[in-house]
Structures are given as C-alpha cells and as structure tokens.
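Participant: Okay, structure incoming, though there's no sequence with it:
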Ligand SMILES: NC(=O)C1=CN([C@@H]2O[C@H](COP(=O)(O)OP(=O)(O)OC[C@H]3O[C@@H](n4cnc5c(N)ncnc54)[C@H](O)[C@@H]3O)[C@@H](O)[C@H]2O)C=CC1
Ligand SMILES: N[C@@H](CC=O)C(=O)O
Ligand code: NA
C-alpha cells in the first residue's frame with residue numbers, strides 16, 4: 001500500500017484532535033483512503049508545550065511551518081492555524097509544490113476563496129474545507145456535489161456555535177453574556193479572538209462561503225450584511241420569550257430579484273419557538289437548504305469543538321487521498337453565474353422594536369404616525385408601564401424593507417415623546 005505523508009499546520013483545539021484521530025485510527029483510515037496516511041510533521045508555534053495526548057512522536061513537531069510545507073516528502077497539507085497570514089502563504093506554497101490542501105479556515109476562504117481555487121486549478125491539486133462551515137456537519141460537499149443538478153434558492157440557518165451557545169444559555173438558564181462566552185471559550189468553540197464570533201464575523205465568513213457555493217457567484221465577507229450579538233440584552237431575550245419566540249443569530253443567503261441577485265446577511269433575529277431552528281441548543285448548528293426540485297433539506301449537528309471539527313477535516317483528508325490515488329482532483333470553485341449582491345436596504349422582513357416612551361395621551365398616535373409615514377404597517381403593539389410617567393412600547397411590524405424601517409427608527413428617535421429606541425430586531429421564520 002502507498003503511503004501519503006501529511007503535514008499538519010497548527011496543533012490547537014482542532015489540530016490536536018486531527019493529530020489524535022489520525023494516529024488512533026490509522027489502520028481504518030488507510031483502508032478507506034487506499035493509502036497509509038502518515039504524519040510527516042506538525043507545525044506549532046511553541047515546542048515546549050505538552051502534546052502527549054495527541055499520541056504524536058515528539059520529534060515530528062517543528063516551528064518551521066514554511067519549511068514543512070516545502071519538504072519533498074510531504075504529499076498533503078492540513079492547515080488548522082487559522083487567520084489570513086501566514087495560513088494563506090503556506091497554502092499557496094504547498095499548492096505550488098503539487099500538494100493538495102485541507103483547511104478549516106473560513107476567514108481565509110471567505111476572503112480569498114477565488115484566488116485559492118484558481119491556484120489549486122493551476123497546480124492540479126485539491127482544496128477541501130468542509131470543516132470551515134458548520135463544523136462536523138456535511139454541508140459544503142452536499143451543496144457542491146449532491147445538489148449540483150438542482151437549483152438552490154435559499155440557505156438559512158445557525159452557523160456559529162459560540163453565539164448559539166451564549167444565546168441558548170441566556171434564554172434557558174438566565175446566564176449573563178460574559179459568563180456564557182467564557183464557557184464557550186473553555187469548551188473550545190470560540191475563535192482565537194472571540195470577537196470574531198460575537199460580532200458576527202465568523203458567521204459572515206461562513207455565509208459568504210455558503211452563498212458562493214450555492215449560487216455559483218463570487219461572494220466575500222465584505223458583501224455580507226453583518227450584525228453580531230454584542231447588543232442583544234437579557235431584555236431582548238425576555239421580550240422574545242414574551243411573544244413565544246427565541247433570539248438566534250441567523251445566516252441567510254437567498255436568491256433575490258427573480259434570481260438575478262444574491263442577498264446575504266447575518267444578524268440576530270427572533271424566531272417562533274415552534275420553528276425547528278428554535279430547538280437548536282448549545283453549540284449545535286442547523287442549516288436549511290431550499291432547492292427548486294429537492295424542496296427543503298435540513299442539516300443539523302455539532303458546529304464547533306475540536307473532535308467534531310477534526311471529523312470533517314479527516315473526511316476531507318480521506319477524500320483528497322482517494323483522489324490522489326485515483327489520479328483525479330475533486331470539483332473546483334464555480335462562479336459562472338456571477339450574480340451581484342443585492343443592497344441590504346432592499347431586504348424585506350418583519351421587525352420587533354422596543355421603545356422607551358412617555359406614558360401620556362397621544363404618544364401611541366405619534367408613534368403610529370411615524371410608521372404610517374414610511375409605509376411600515378404595524379402588526380401588534382404592546383405597552384407596559386415602567387413607572388408613573390414611563391412606558392415600554394413594543395411594536396411588531398408586518399414585512400417592510402430595511403430601508404423603510406431604518407428611516408422609521410431614525411424618525412422615532414427624534415420624537416419628543418420617545419425617550420429611547422431600546423432595541424430593533426428582525427423577526428424571521430414565518
Ligand atoms: N475550534 C472550532 O470549533 C473550529 C475551528 N475552526 C477553524 O479551525 C482553525 C483552527 O482553530 P482552532 O484549533 O480552534 O484554533 P487554536 O487557536 O486553538 O489553534 C491554532 C493553533 O495554531 C498555532 N499557530 C498559530 N500560528 C502558527 C504558525 N505560524 N505555525 C504553527 N502554528 C501556529 C497556534 O499556536 C494554535 O495552537 C481556524 O481556522 C478556525 O476558524 C473551524 C471550525 C470549528
Ligand atoms: N468559532 C466557531 C467555530 C466553528 O466554526 C463557532 O463558534 O462556530
Ligand atoms: Na461542515
């Protein structure tokens with residue numbers, strides 16, 4: 001049996017699990033790949049750390065990642081360092097030397113996917129990154145391969161485990177934001193810089209990758225309308241609960257304007273508790289794919305964490321090894337449809353708006369007039385006294401454009417009787 005030598009770049013949460021699983025299950029993996037997968041080296045930042053739990057021969061660790069990917073005895077490269085550089089340079093260097101690459105790096109793929117796929121095509125190598133979106137869940141391969149004959153119209157779901165964990169803890173246990181984030185970090189769900197999760201950058205990168213693959217169009221993170229969960233308060237969570245809803249960070253990629261444009265957005269939204277996404281707990285992810293002929297498909301599973309993510313990495317590694325043994329490469333990038341991204345202002349959805357107002361006659365009429373002026377129709381209004389002269393007014397609208405809603409909120413904030421626009425959140429899932 002042939003041996004394929006693997007360079008592993010990074011031995012953190014994901015890398016250490018890749019190393020452990022690769023070592024522990026080498027016989028099974030060899031039988032499935034048709035070649036022995038042998039670690040040629042593991043690039044780390046510091047040599048002195050105890051990595052005995054990985055089962056890797058200590059002599060294989062090196063701090064010279066660039067040297068490792070250039071070695072002639074390395075056939076395949078797994079990049080789980082994260083970030084843009086040096087990951088990008090290391091991947092390109094590996095490809096230039098004819099080595100196929102498996103990566104979990106969504107930040108890089110979302111920004112540079114086109115260039116990396118072009119490099120892979122040029123050098124006749126594979127580039128696989130199933131772990132980059134929704135961790136262990138097989139999602140990119142089904143979109144790219146199983147649904148290649150269909151016409152995907154929408155991809156919608158929860159694609160960030162850390163924020164789902166935080167929102168779930170806030171909703172289920174009343175845990176504070178900071179405490180829940182610390183737990184998510186300790187469990188290995190969060191990015192090295194957790195603001196990537198909290199501010200929605202991680203979910204936006206995943207949304208860009210999903211939209212690009214689903215709609216065969218070039219979409220980068222910069223094209224994604226992004227709002228994170230940093231401003232979601234326990235009051236929002238309670239308000240959602242009061243109307244039978246739950247707050248989730250959603251990624252929504254859809255064909256718009258009759259399929260001529262693509263809408264891509266990431267933002268917190270209230271969804272009814274009866275919606276299947278409402279039951280997605282902890283760091284789990286779930287993604288709906290809607291296609292013209294297949295109908296509605298749902299993908300569900302662990303979206304973060306070392307072992308589940310390593311499962312997706314190893315799945316790719318076996319595929320890449322099989323391709324190499326068969327002298328073929330898998331499908332590359334596909335951008336032929338070249339659909340532009342629709343401006344966010346044209347997005348149509350419902351809104352939940354919470355206002356701090358003076359509790360006196362005429363306030364409701366004032367507020368209603370502002371909605372009417374911008375042609376935003378009100379579905380429900382709830383008022384709760386907050387003291388002798390203050391009240392909270394919660395308005396849920398019918399569907400309106402983002403543009404009209406923003407103009408409404410701006411005018412509301414200028415009303416003398418409105419003390420504070422406390423929160424504005426989209427309502428999805430009906
Ligand atoms: N943790 C998770 O649940 C998931 C992570 N990912 C992605 O997997 C990648 C790795 O993530 P984690 O393992 O969580 O991060 P991590 O921060 O735990 O691991 C990265 C490791 O790379 C090392 N490193 C940094 N620069 C290096 C260099 N120049 N040479 C050698 N080693 C270097 C760091 O010291 C660290 O040990 C990232 O792209 C991340 O977005 C993807 C899906 C899930
Ligand atoms: N930080 C990410 C890890 C997986 O992609 C997340 O929380 O989802
Ligand atoms: Na995945």
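Facilitator: Looks like it arrived, so ask away. Just so we're clear, the structure is a prediction, and the values are computed from it rather than from any experiment. Numbers count the residues shown, from 1 in each chain. Ligands and ions are numbered 1, 2, ... in the order given.

Participant: contacts and neighbour counts: CA atoms only from here.
Facilitator: Noted.

Participant: which other residues reach the longest helix along the chain?
Facilitator: Counting residues, the longest helix found in the chain (DSSP state H) is helix 306-326. If you take CA atoms under 8 Å, 6 or more residues apart in numbering as the criterion, helix 306-326 is touched by 4, 13-18, 21-22, 29, 32-35, 78, 100, 102-104, 126, 128-131, 135-138, 188-189, 302-303, 329-330.

Participant: In helices, which of those fall?
Facilitator: Judged by DSSP H, helices contain the following of the contacts of helix 306-326: 13-18, 21-22, 29, 32-33.

Participant: and the stretch 301-430 of the chain, which residues reach ligand 1?
Facilitator: Contact residues, the stretch 301-430 of the chain versus ligand 1 (CA under 6 Å from any ligand atom): 304-306, 309.

Participant: By neighbours, which of the residues you listed wins?
Facilitator: The residue in these with the most neighbours, by other CA atoms under 10 Å, is residue 304 (31 neighbours).

Participant: residues contacting it?
Facilitator: Counted by CA under 8 Å, 6+ apart, residue 304 has contacts 134-136, 160-162, 188-190, 283-284.

Participant: ok, the nearest residue to residue 104 once chain neighbours are set aside to residue 313 distance?
Facilitator: Nearest in space to residue 104, with sequence neighbours left out and distances taken as CA to CA, 6 or more residues apart in numbering, is residue 132 at 4.2 Å. Residue 132 sits 9 Å away from residue 313, going by CA to CA, to the nearest Å.

Participant: Identify the contacts common to these two.
Facilitator: 103-104.

Participant: can you give me the end-to-end distance of stretch 93-107?
Facilitator: Across stretch 93-107, first to last residue, CA to CA, it's 19 Å.

Participant: I should have written stretch 249-267 there, sorry.
Facilitator: Termini of stretch 249-267 sit 6 Å apart (CA to CA).

Participant: average pLDDT for it?
Facilitator: Mean per-residue pLDDT for stretch 249-267: 97.

Participant: can it be found next to ligand 2?
Facilitator: No: figure legend: stretch 249-267 not in contact with ligand 2 (CA under 6 Å from any ligand atom); closest approach 11.0 Å.

Participant: what distance separates that stretch from the centre of its chain?
Facilitator: Here stretch 249-267 is found 14 Å from its chain centre; the criterion is CA atoms, centre = their mean, to the nearest Å.

Participant: Also stretch 210-224?
Facilitator: With CA atoms, centre = their mean, you get 12 Å for stretch 210-224.

Participant: Could you see whether ligand 3 lies near that stretch?
Facilitator: No: counting by CA under 5 Å from the ion, ligand 3 has no neighbours in stretch 210-224; the shortest distance is 10.5 Å.

Participant: Make JSON lines out of the contacts of residue 304 and add neighbour count and distance to ligand 1.
Facilitator: Output for the contacts of residue 304, formatted as JSON lines (neighbours: other CA atoms under 10 Å; distance: CA to the nearest ligand atom, whole Å):
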{"residue": "134", "neighbour count": "31", "distance to ligand 1": "7"}
{"residue": "135", "neighbour count": "30", "distance to ligand 1": "5"}
{"residue": "136", "neighbour count": "26", "distance to ligand 1": "8"}
{"residue": "160", "neighbour count": "32", "distance to ligand 1": "9"}
{"residue": "161", "neighbour count": "28", "distance to ligand 1": "8"}
{"residue": "162", "neighbour count": "32", "distance to ligand 1": "9"}
{"residue": "188", "neighbour count": "17", "distance to ligand 1": "5"}
{"residue": "189", "neighbour count": "26", "distance to ligand 1": "4"}
{"residue": "190", "neighbour count": "26", "distance to ligand 1": "6"}
{"residue": "283", "neighbour count": "26", "distance to ligand 1": "9"}
{"residue": "284", "neighbour count": "24", "distance to ligand 1": "11"}
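
Participant: In strands, which of those appear?
Facilitator: residue 284 (DSSP state E).

Participant: what's the closest of the contacts of residue 304 to residue 275?
Facilitator: Nearest to residue 275 out of the contacts of residue 304 is residue 284 (CA to CA; 15.4 Å).

Participant: thought the closest one was touching residue 301?
Facilitator: Yes: Residue 284 is within contact range of residue 301, at 5.5 Å (criterion: CA atoms under 8 Å).

Participant: Closest one to ligand 2 out of the residues of the stretch 301-430 of the chain next to ligand 1, please.
Facilitator: residue 304 (4.1 Å; CA to the nearest ligand atom).

Participant: ok now the longest helix of the chain, how far from the chain's centre?
Facilitator: Worked out by CA atoms, centre = their mean, helix 306-326 lies 20 Å from the chain centre.

Participant: in what helix or strand does the residue located most distally from the centre of the chain lie?
Facilitator: Among the C-alpha atoms of the chain, the one farthest from their average position, using CA atoms, centre = their mean, is that of residue 361, at 46.1 Å. Following DSSP states H and E, there is no helix or strand that holds residue 361.

Participant: Please state the backbone phi and psi of it?
Facilitator: With angles defined as degrees, to the nearest 10, residue 361 sits at phi -60, psi 140.

Participant: List the residues that contact residue 390.
Facilitator: 356-359.

Participant: Of the contacts of helix 306-326, keep whichever come out buried.
Facilitator: The neighbour-count test (16 or more other CA atoms under 10 Å) marks 4, 13-18, 21-22, 29, 33-35, 78, 100, 102-104, 126, 128-131, 135-138, 188-189, 302-303, 329-330 as buried among those.

Participant: Out of those residues, which are close to ligand 2?
Facilitator: Near ligand 2, by the rule CA under 6 Å from any ligand atom, you find 135, 189, 303 out of those.

Participant: Surely the second one touches residue 163?
Facilitator: No: contact between residue 189 and residue 163 fails when scored by CA under 8 Å: they sit 9.4 Å apart.

Participant: Overlap in contacts, those two.
Facilitator: residue 283.

Participant: List of residues touching the strand or helix carrying residue 410?
Facilitator: Assessed by DSSP H and E, residue 410 sits inside helix 402-414. With contact meaning CA under 8 Å, 6+ apart, helix 402-414 is reached by 344-349, 367, 370-371, 374-376, 418-421.
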